[in-house]
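Engineer: Return a 3D structure for these sequence lines:
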Amino acid sequence: MNQHLRISTGECLYQQQKWLPLAYKMQIIGCYAQTELGHGSNVQGLETTATFDPKTDEFIIDSPTLISSKMSITSGGLGKVSTHANVYTRLITDSQNHGAHGFTVQLRGLDDHTALPGIKGSKVTREGKYVMSNVPRQLVYGTMVYVPQTIVSDTSCALSRQITIATRYSAVRRQFGSQNGSLETQVIDYQTQQSWFFPFC
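Structural biologist: Presented below is the predicted three-dimensional model:
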């Protein structure tokens, strides 16, 4: 995603009323666009900007260089199915950098799925004055790390279920090792099996 957009401003409440019902009904599909070709987790180094133009009451979203192109969009959604993206940019008003802000960018039309960019962004007055959100900056940053945190959390839950099932099965399953007609050896007693499972237990 490397483009120069001009889009109208919009209030947060308006955005929620417009987009959340569609999202709940799965009528729109979103993706998360933070990482740039030259800037991964370095949010402060993002080159993509959202510059407010008070003359036209629009934000200009710009990825001006090759390395500012948005990359690694979650699950490939940008190139395949997403109708909207949560694009992280540096908000610029009156030549002042207000740091990282997320903008909801409509990528495709809801009827024919063709490219149809539009955006609703942060609160800036028509004169170009930036109004800081009353949401603490730590929470804003928290939204950017939520998806990676969820991936780690979900992975650990899945792994804990898998290792529980495998360990229980290894304790019940017996094979080999019987020389005199007695019970075969429990799989869990084999050192190679223990070396695979025990580090996770």
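
Engineer: can you tell me the average pLDDT over stretch 164-176?
Structural biologist: The average pLDDT within stretch 164-176 is 89.

Engineer: Now that stretch: buried residues?
Structural biologist: If you call a residue buried by 16 or more other Cβ atoms under 10 Å, then stretch 164-176 has these buried ones: 166, 167, 170. Where C-beta positions appear, they are placed from N, C-alpha and C, glycine not excepted.

Engineer: Same list (the residues you listed) but as CSV, adding distance to residue 19 and secondary structure.
Structural biologist: Conversion of the buried residues of stretch 164-176 to CSV gives the following (distance: Cβ to Cβ, whole Å; DSSP: H, G, I helix; E, B strand; the rest coil):
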residue, distance to residue 19, secondary structure
166, 42, helix
167, 45, helix
170, 48, helix
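
Engineer: Tabulate those residues (JSON lines), appending distance to residue 18.
Structural biologist: Shown next, in JSON lines, are those (distance: Cβ to Cβ, whole Å):
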{"residue": "166", "distance to residue 18": "47"}
{"residue": "167", "distance to residue 18": "49"}
{"residue": "170", "distance to residue 18": "53"}
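
Engineer: Closest to residue 185 out of those?
Structural biologist: Sorting the buried residues of stretch 164-176 by distance to residue 185 puts residue 170 at the head of the list, at 10.9 Å, by Cβ to Cβ.

Engineer: Do a quick rundown of the helices in the protein.
Structural biologist: Listed in chain order, the helices of the chain (DSSP state H) span 12-24, 77-80, 137-172, 191-197.

Engineer: Out of the ones you listed, which is the most enclosed?
Structural biologist: helix 77-80 (a mean of 14; mean count of other Cβ atoms under 10 Å).

Engineer: average pLDDT for it?
Structural biologist: Across helix 77-80, the per-residue pLDDT values average to 66.

Engineer: what's the longest strand in the chain?
Structural biologist: Within the chain, and with DSSP state E defining each element, the longest strand by residue count is strand 96-108.

Engineer: what helices or strands is it leaning on?
Structural biologist: For strand 96-108, the packing partners by 3 or more Cβ pairs under 8 Å, 6 or more residues apart in numbering; DSSP states H and E come out as strand 58-62, strand 84-93, strand 115-120, helix 137-172.

Engineer: What mean pLDDT does the third one get?
Structural biologist: Same thing as strand 115-120. Per-residue confidence for strand 115-120 averages out to 50 on the pLDDT scale.

Engineer: before we move on, the earlier item: among the buried residues of stretch 164-176, which one lies nearest to residue 85?
Structural biologist: Distance from residue 85 was checked for each of the buried residues of stretch 164-176 by Cβ to Cβ. The minimum falls on residue 166, at 38.8 Å.

Engineer: Report the helix or strand with the lowest average pLDDT across this structure.
Structural biologist: Across the helices and strands of the chain, mean pLDDT, DSSP states H and E gives its lowest value to strand 115-120, namely a mean of 50.

Engineer: from the buried residues of stretch 164-176, which is closest to residue 45?
Structural biologist: residue 166 (42.4 Å).

Engineer: which ones are touching the closest one?
Structural biologist: With contacts defined as Cβ atoms under 8 Å, 6 or more residues apart in numbering, the neighbours of residue 166 are residue 197.
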